[in-house]
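Novice: One predicted model, sequence on top.
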Amino acid sequence: MKRKLQVFISSTYLDLMDERQAAVSAILKAGHIPAGMELFTAGDRSQLDTINSWIDESDVYMLILGGRYGAVEPTSNISYTELEFDYAASQNKPMFAVVIKDEALESKIRSHGSDFSEKENPKELRLFRTKVLSKISSFFEDTKDIKLCVHETLADYSSNRELSGWVSGSEIVDSKPLMEEINKLSTENSELKEKVAQLEHRLITIPAPTKDDSAKLEEIKDALQQTNITLPKTVTEDGEEFEITLLSAFDIAKEPLITGVTNRSGMSDYHRFIFFNISPKLQIYGLVDNEKVAGVQYRRCYVTPLGLRFLAYLEKTKLKDQ
């Protein structure tokens, strides 16, 4: 059966009308169903509940992030766009995002005026952008990039059998014989479960030992301290090679790694060294991971949840040593 996935499109509205229309067109051309809340006016909490219901009913969540943070919900002081993103993430909704490139945004502001840039909440927009880029995302310069990203991403999601999607009624076959067989198997399964439960009740279960998190982080710290890497003269301030520990290198490169470093063309020598030299070594310890960026050819390395805990542990250790 051919499934149509419902894709919820989230974005600010007036500054991204062309981009939204490009996404809608690409979704329809791919044979799927676009959904969005652009006909609603931000500012009503009950409306947010309605939006969340639409996200629940959709198969995929898509975010288009431009140069505006958007209308802010008064209780939380968080924009409705970010609240939608956070809700989709909390529900483990399959999601992807396209983020405008800095140079494309500057060109847009020059062409259309300052209404396309954030004036009231630039810090909040910057933090939101960092959060978005830590998940599956890609950059766009124009609407062609958005269409390409939609096409490639939905092609991947269409092969995911766990997504229910929408199916035409004409394609649904008579399921009565199948349901009878399922009911029979369900009854047999229930009987087997009851027997297993009776056997398990007689067993004495011993809880698995818990590993001290700080001990694990200290072990990783020791390993990184014992590993040395040579910084090439192309990335040092004085143009001379010198050796530092992998621990120091991670501490120095933490900010770009938290945001994510991609191996795109034109990357700086500093980011190239992080991507090809520092990141693979940290990946051995589970502190950094590497993934393909949807819609483009390059890959991105970024700090894992374990890596974030480790960096927090390092900061805590520094404060104790002061």
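Specialist: Cool, the structure landed. Numbers count the residues shown, from 1 in each chain.
Novice: where's Gly239 relative to Pro232, distance?
Specialist: Distance from Gly239 to Pro232, counting by Cβ to Cβ, to the nearest Å: 10 Å. No exception for glycine: its C-beta is placed from N, CA and C like everyone else's.
Novice: Show me which of these two is the more surrounded one.
Specialist: Counted by other Cβ atoms under 10 Å, Gly239 and Pro232 do not tie: Pro232 has more neighbours, with 15 against 9.
Novice: dump the residue contacts of the more buried one.
Specialist: 241, 269, 273 (Cβ atoms under 8 Å, 6 or more residues apart in numbering).
Novice: I'd like the distance between the second one and Thr234.
Specialist: In other words, Asp269. 4 Å.
Novice: Next: the last one.
Specialist: Distance of Phe273 to Thr234, given as Cβ to Cβ: 8 Å.
Novice: neighbour count winner among those two?
Specialist: Between Phe273 and Thr234, counted using other Cβ under 10 Å, Phe273 has the larger neighbour count: 20 against 12.
Novice: what's the neighbour count on the nearest residue to Leu163 once chain neighbours are set aside?
Specialist: Nearest residue to Leu163, sequence neighbours excluded (Cβ to Cβ, 6 or more residues apart in numbering): Asp59, at 4.8 Å. Neighbour count for Asp59, taken as other Cβ under 10 Å: 24.
Novice: same check, this time on Gly260
Specialist: Gly260, neighbours per other Cβ under 10 Å, totals 17.
Novice: Can you tell me the SS state at the residue nearest to it when sequence neighbours are not counted?
Specialist: Distances taken as Cβ to Cβ, 6+ apart put Tyr302 closest to Gly260, at 4.3 Å, once the chain neighbours are dropped. Secondary structure assignment for Tyr302 (DSSP: H, G, I helix; E, B strand; the rest coil): strand.
Novice: Can you report how many residues lie near Tyr302?
Specialist: Tyr302: 20 neighbours (other Cβ under 10 Å).
Novice: Same check on Thr317?
Specialist: Count around Thr317 with other Cβ under 10 Å applied: 13.
Novice: next one: Lys233
Specialist: The burial count for Lys233: 12, using other Cβ under 10 Å.
Novice: tell me the centre residue of the chain?
Specialist: Closest to where the C-alpha atoms of the chain average out (Cα atoms, centre = their mean) is Lys135, at 1.8 Å.
Novice: how close does that one sit to Trp166?
Specialist: 25 Å.
Novice: likewise Ile9?
Specialist: 16 Å.
Novice: next one: Val288
Specialist: Distance from Val288 to Trp166, by Cβ to Cβ: 39 Å.
Novice: Name the residue in these two with the higher neighbour count.
Specialist: Val288 (24 against 12).
Novice: I'd say that one and Pro305 touch.
Specialist: No: the criterion here is Cβ atoms under 8 Å, and Val288 misses it with Pro305 at 11.3 Å.
Novice: Now do the helices in this structure.
Specialist: Secondary structure of the chain (DSSP state H): helices located at 17-29, 45-57, 80-90, 102-112, 122-133, 143-158, 176-201, 213-225, 246-252, 254-259, 269-273, 279-283, 305-321.
Novice: can you put those helices in a markdown table and add distance to Gly70 and mean pLDDT?
Specialist: Listed next are these as a markdown table, based on distance: least, Cβ to Cβ, whole Å; pLDDT from 0 to 100:
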| stretch | distance to Gly70 | mean pLDDT |
| --- | --- | --- |
| helix 17-29 | 13 | 94 |
| helix 45-57 | 13 | 84 |
| helix 80-90 | 4 | 94 |
| helix 102-112 | 15 | 92 |
| helix 122-133 | 9 | 95 |
| helix 143-158 | 18 | 93 |
| helix 176-201 | 46 | 66 |
| helix 213-225 | 37 | 90 |
| helix 246-252 | 34 | 94 |
| helix 254-259 | 21 | 92 |
| helix 269-273 | 30 | 91 |
| helix 279-283 | 33 | 94 |
| helix 305-321 | 27 | 88 |
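Novice: can you redo those helices as TSV with distance to Gly66?
Specialist: Listed next are the helices of the chain as TSV, based on distance: least, Cβ to Cβ, whole Å:
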stretch	distance to Gly66
helix 17-29	7
helix 45-57	19
helix 80-90	10
helix 102-112	7
helix 122-133	10
helix 143-158	11
helix 176-201	48
helix 213-225	38
helix 246-252	32
helix 254-259	18
helix 269-273	24
helix 279-283	29
helix 305-321	27
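Novice: Ile64 is nearest to which of these?
Specialist: Of all those, helix 17-29 sits nearest to Ile64, with 5.1 Å by Cβ to Cβ.
Novice: I am finished for the moment; much appreciated.
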